[in-house]
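Participant: return atomic coordinates for the entry below.
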Amino acid sequence: MPTEEIEFECEELMEKAVGFLRQEFRTIRTGRASPGLVDSLRVEVASYGSTMDLREVASISAPEANLLVIKPYDPSVIKDIERAIQSSELGITPMSDGKMIRLPVPPLSGERRQKLLQQVRKLGENQKIAVRNVRRDANRKVESELKEKSISEDEAEKAKENIQELTKKYEGQIDSIVTAKAKEVEEV
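Facilitator: Here you go, the predicted structure:
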C-alpha cells in the first residue's frame, strides 16, 4: 500500500473522530434551547411497533432562547414522546397540550454546569485518544510496508512525519471544539 494511501486513510479516520465529537456535542445541553438537544432522542412508538428518532416523528423548533416546541406529525404519539423525554437524561419536564409539547430549558445550576464541563472534556479526550489510535495504526502500516521493502526508509520517515502533522492538526481541532463548547456551557 503506497504511503499516500495510508496517509489519506489516516486523515479520513481522524476527520470522522472530529465529526463524531461535533455530533455528540449537539446533544449536550447548554443554557440555550437547541433542537439538536432532542432530535436524536429515541422514542419507542407503540402504535408503530418500533423505536425511532424524535426528528422522525415530530418537528422540533426553538421559538425562544429558552424554549423548545415539539409538534408530532401524528398526534397519537404525543404520550410516547413525553415518555421518552422524561426517561432521558435531559432533566427537563415536558408540558403537553395534546397537540404539541413545550420544553422549557431552565438555566443550568452551577453544579450541573460543572458536570457538563467534565463531560465535554471527557468526550474531547476520548476523541483525542481515537485520533492517536489512528496514528498508531497508520504508523504500523508504514512499518509493515517498510519491512516488506515496498517503500524506502526515506518514504517511511516522510510518511510518519505527515501522519504526525495530521495528528497535531486534528488534536488542535478537537481542542478548539472543546474550548468553544465549554465556553457555551459556562455562559449564563
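Participant: residue nearest the centroid of the chain?
Facilitator: In the chain, the centroid-proximal residue (CA atoms, centre = their mean) is E24; its distance is 1.7 Å.
Participant: name the nearest residue to that one, ignoring sequence neighbours.
Facilitator: Nearest non-adjacent residue to E24, counting by CB to CB, 6 or more residues apart in numbering: L123, 5.4 Å away. (C-beta placed from N, C-alpha, C; glycine too.)
Participant: check Y48 too.
Facilitator: V77 (7.7 Å).
Participant: could you do V185 as well?
Facilitator: Nearest to V185 is L116, by CB to CB, 6+ apart, at 4.9 Å.
Participant: and the one you found, how close does it get to G98?
Facilitator: According to CB to CB, to the nearest Å, L116 and G98 sit 33 Å apart.
Participant: quick one on the thing from earlier: in which helix or strand would I find the residue nearest to the centre of the chain?
Facilitator: helix 3-26 (DSSP states H and E).
Participant: avg pLDDT for that helix?
Facilitator: Per-region confidence: helix 3-26 scores 90 on mean pLDDT.
Participant: in that helix, which residues are buried?
Facilitator: Buried residues in helix 3-26, counted by 16 or more other CB atoms under 10 Å: 3, 6-7, 10-11, 13-14, 17-18, 21, 24-25.
Participant: this structure: strands as residue ranges?
Facilitator: All strands of the chain, identified by DSSP state E, fall at 42-45, 50-53, 58-64, 67-72, 95-96, 101-104.
Participant: contact partners of stretch 52-65?
Facilitator: The contact list for stretch 52-65, computed with CB atoms under 8 Å, 6 or more residues apart in numbering, reads 32-35, 38-43, 45, 68-74, 77, 80-81, 84, 101.
Participant: same question, stretch 120-139
Facilitator: Counting by CB under 8 Å, 6+ apart, residues outside stretch 120-139 touching it are 6-7, 9-10, 13-14, 17-18, 20-21, 24-25, 28, 160, 163-164, 166-167, 170-171, 174-175, 177-178, 181-182, 185.
Participant: in the longest helix seen in the chain, what counts as buried?
Facilitator: Using DSSP state H, we find that the single longest helix of the chain is helix 110-147. Neighbour counts over helix 110-147 (16+ other CB under 10 Å) mark 113, 116-117, 120, 123-124, 127-128, 130-131, 134-135, 138-139, 141-142, 145-146 as buried.
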